[in-house]
Structure formats: structure tokens, C-alpha cells
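In: Sequence plus predicted model, see below.
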Amino acid sequence: MRTSLLLSLALAGLGSASARAQRPVPHGRVEAFTLADSTWHRPRRVWVYTPPGYDAARPAPYPLVVAFDGEEYLDTMPLPATLDSLLAAGAAPAMVALLIDDGEGAIRTRELGNARGMVELLAGQLLPWVRKVWHVTTDPQRVIVTGSSAGGLGATYVAVERPDLFGNVWAQSPALWRGAEGSNAAPYEWLTTEVRARPPRGVRFVIDVGALEDHPTLGGRGPNFIGAVRGFNDALRAAGAAVTYTEVTAGNHAPQWWAPRLGWGIATITAGWQGR
């Protein structure tokens with residue numbers, strides 16, 4: 001019954017306005033920082049969310065959510081509000097979140113398109129910084145990395161490269177048609193080829209794609225978008241990975257389709273955690 005309630009809340013935008021008015025949801029705290037990026041050597045904006053009642057002295061460290069396109073995930077994809085609502089509903093544990101700004105246009109594509117530099121930034125700077133300042137887990141099985149579109153590809157890629165850091169992926173409409181290092185040229189579906197060659201071990205994947213994303217990329221010159229996601233799903237399953245895969249009915253490539261399911265994906269992952 002608890003799981004059914006959770007999924008209903010997530011799919012309905014985490015409850016109606018009247019229900020939220022009757023039972024106010026406590027809010028966590030969001031802090032903004034600008035760091036000196038040691039990988040791409042530019043200022044890097046990040047935001048850190050801590051849950052209501054955050055306790056740096058509690059025995060168990062907090063699980064961690066890492067989200068790409070951080071500014072969008074502040075409001076358009078309302079990750080802090082979603083985590084508040086899931087916690088209030090008893091649908092997910094209290095979690096800390098790191099939201100990372102990835103710029104726009106070519107910069108964003110470079111950073112999120114199967115980019116080794118993003119792995120270096122996360123492993124060498126951002127995760128150590130978060131764990132030094134906040135009471136956050138080092139257990140990859142209690143870390144979720146998430147994103148949508150290029151961010152979904154970035155989330156999937158860093159977990160394939162570093163399963164010792166990221167044990168859970170929540171990818172919405174991931175751009176899995178791309179080549180290596182942000183390339184828009186062949187060989188396409190590079191990450192799928194990598195998964196076939198070296199399957200990720202111990203990573204849970206939750207992947208959504210819109211049923212209406214059935215079209216070629218690059219103005220008709222590139223792979224079919226949903227076809228690339230299906231191919232990646234098939235490769236994961238052939239490798240024996242744990243996958244929850246959904247083609248969202250009438251879904252398309254836009255936040256209006258992703259935001260209502262953001263909480264569902266997090267809850268689907270955390271439902272299996274022992275001790276929550």
C-alpha cells in the first residue's frame with residue numbers, strides 16, 4: 001500500500017494543492033556556491049540541498065542525489081521541492097542533493113556528452129568537497145545520479161565509468177545516440193557499445209523515454225532517438241544489469257513530461273534500500 005501511495009503521489013505531481021495546504025510540507029535548505037573548476041578551469045556554479053531537520057551529527061550519513069543542469073533542477077525540474085515532498089510522504093529518506101550547472105549550448109554538450117572530464121570533476125573535486133562539508137554517504141548504492149536529455153546521458157555515462165561512486169542512475173530521455181566526448185558524428189551510440197564491451201556492475205538503472213521521441217536526430221541525419229534508448233536498454237539487460245525502463249505514453253522531449261515523473265524515479269530507486 002505504501003508503494004502504491006508513493007507512485008500515485010509522484011505521478012500526480014506529489015499531491016494536490018488542497019492536500020498540501022492541509023498538511024504543509026517542511027522545506028529543506030538550498031545554498032548556492034561558485035567553485036573554481038579544477039578540470040575545465042572556469043567558475044562552476046553548484047547548489048547544495050539539505051533536507052529539513054538536517055543533522056550533521058547523526059550516526060548514519062545522508063544518501064546523495066547528484067543532478068546535472070543544476071539551475072533547471074532548482075525549479076523547472078523541482079528537485080528540492082520533490083525531495084521535500086517525498087520525505088514528508090514517507091516515500092523516500094532524507095537526502096542531500098548536489099545540483100551542478102553545466103552551461104548551455106556547446107559547453108553543455110561538451111560536458112555532458114560522454115565526457116571524461118565530467119568524471120574527473122566529480123571524482124576529483126565535487127564529491128570530495130560535498131563529503132568534506134556535509135554528512136554524506138560514501139556508499140555508491142545510496143547515491144543517485146540524475147539528469148534529462150544530455151544530462152540523462154551524462155548521468156548514465158558517469159555511472160558506467162565509475163560504478164564505485166554512482167550505484168543508481170535516473171535518466172530521463174537520455175541522449176544515448178551521441179558519440180564520445182560530445183561528438184555529433186559517427187560512431188553513434190558510443191555508450192551502448194561501451195556497455196556491451198565492459199558491462200557495469202552493481203548499478204541500478206531507471207530510464208524513461210517519451211513514446212513520441214520516435215524520430216531521427218540531427219535533422220534526419222542521426223540515429224533515431226528512442227531507438228538509441230531502446231538499444232541501450234537491450235544492452236544493459238543482456239549484460240544482466242538491473243533496469244527499470246519506461247516508454248512514457250504521449251511523452252515527448254521536454255520538462256513538462258519529465259518533471260511530473262522526477263519523484264517517481266527517485267522513489268523507485270530508494271524503495272529497495274535497506275533501512276531507507
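Out: Ah, there it is.

In: Do I have it right that Ile144 meets Val66?
Out: Yes - with contact defined as CB atoms under 8 Å, Ile144 counts as touching Val66 (7.1 Å). Placement of C-beta: from N, CA and C, glycine included.

In: Common neighbours of those two, please.
Out: Residues touching both Ile144 and Val66 (CB atoms under 8 Å, 6 or more residues apart in numbering): Phe166.

In: List the strands paired with whichever strand or helix holds Tyr49, with their directions.
Out: Using DSSP states H and E, Tyr49 sits in strand 43-50. In the sheet, strand 43-50 lines up against strand 29-36 (antiparallel), strand 96-100 (antiparallel) (DSSP bridges).

In: Where do the helices of the stretch 1-150 of the chain begin and end?
Out: Using DSSP state H, counting those that start in this stretch, the helices found in the stretch 1-150 of the chain span residues 2-11, 17-22, 79-88, 105-112, 116-121, 127-133, 150-161.

In: Could you look over those and pick the most buried one?
Out: Per residue and on average, the most neighbours among the helices of the stretch 1-150 of the chain fall to helix 150-161, with a mean of 27 (mean count of other CB atoms under 10 Å).

In: and that helix, how far from the chain's centre?
Out: 8 Å (CA atoms, centre = their mean, to the nearest Å).

In: what packs against it?
Out: Packed against helix 150-161 by the contact rule (3 or more CB pairs under 8 Å, 6 or more residues apart in numbering; DSSP states H and E) you find helix 105-112, helix 116-121, strand 143-148, strand 168-172, helix 190-197, strand 204-210.

In: Kindly calculate the angle that the fifth one makes with helix 150-161.
Out: Helix 190-197 runs at 20 degrees relative to helix 150-161, counting by axes from the mean of the first three to the mean of the last three CA atoms, to 10 degrees.

In: Need the contact partners of helix 190-197.
Out: Outside helix 190-197, the residues touching it (CB under 8 Å, 6+ apart) are 114, 153, 156-157, 160, 176, 178-180, 183, 187, 228, 231-232, 235-236, 238-239.

In: Show me which positions of it end up buried.
Out: Residues Trp190, Leu191, Thr192, Thr193, Glu194, Val195 are the ones in helix 190-197 that count as buried (16 or more other CB atoms under 10 Å).

In: now Arg29: how far from Tyr54?
Out: Distance, Arg29 to Tyr54, using CB to CB, to the nearest Å: 7 Å.

In: Those two - which one has more neighbours?
Out: Using other CB atoms under 10 Å as the criterion, Arg29 and Tyr54 rank with Tyr54 on top: 15 against 11.

In: Gly53: what's it in contact with?
Out: Each residue near Gly53 by CB under 8 Å, 6+ apart is listed here: Pro26, Ala94.

In: Over to it: give its phi and psi.
Out: phi 80, psi 20 (degrees, to the nearest 10).

In: pLDDT score for it?
Out: The model reports Gly53 with a pLDDT of 97.

In: Over to Pro24?
Out: 87.

In: ok now do it, which residues does it touch?
Out: No contacts exist for Pro24 under CB under 8 Å, 6+ apart.

In: Distance check, it against Asp84.
Out: As defined by CB to CB, Pro24 lies at a distance of 10 Å from Asp84.

In: cool, Trp129 as well?
Out: Distance, Trp129 to Asp84, using CB to CB: 24 Å.

In: got any ranges where the stretch 151-276 of the chain has weak pLDDT?
Out: Filtered on pLDDT under 70, the stretch 151-276 of the chain yields the residue ranges 275-276.

In: Please work out how many residues are found near the residue lying closest to Trp47 once chain neighbours are set aside.
Out: Leaving out its chain neighbours, the residue that sits closest to Trp47 by CB to CB, 6 or more residues apart in numbering is Leu99, at 4.2 Å. Counted with other CB under 10 Å, the neighbours of Leu99 add up to 25.

In: do Gly179 as well
Out: The burial count for Gly179: 18, using other CB under 10 Å.

In: I'd say it and Ala185 touch.
Out: Yes - in this structure, Gly179 is within contact of Ala185 by CB under 8 Å, at 5.9 Å.

In: Going by length in residues, pull out the top helix of this structure.
Out: When the chain is parsed with DSSP state H, its longest helix is helix 255-270.
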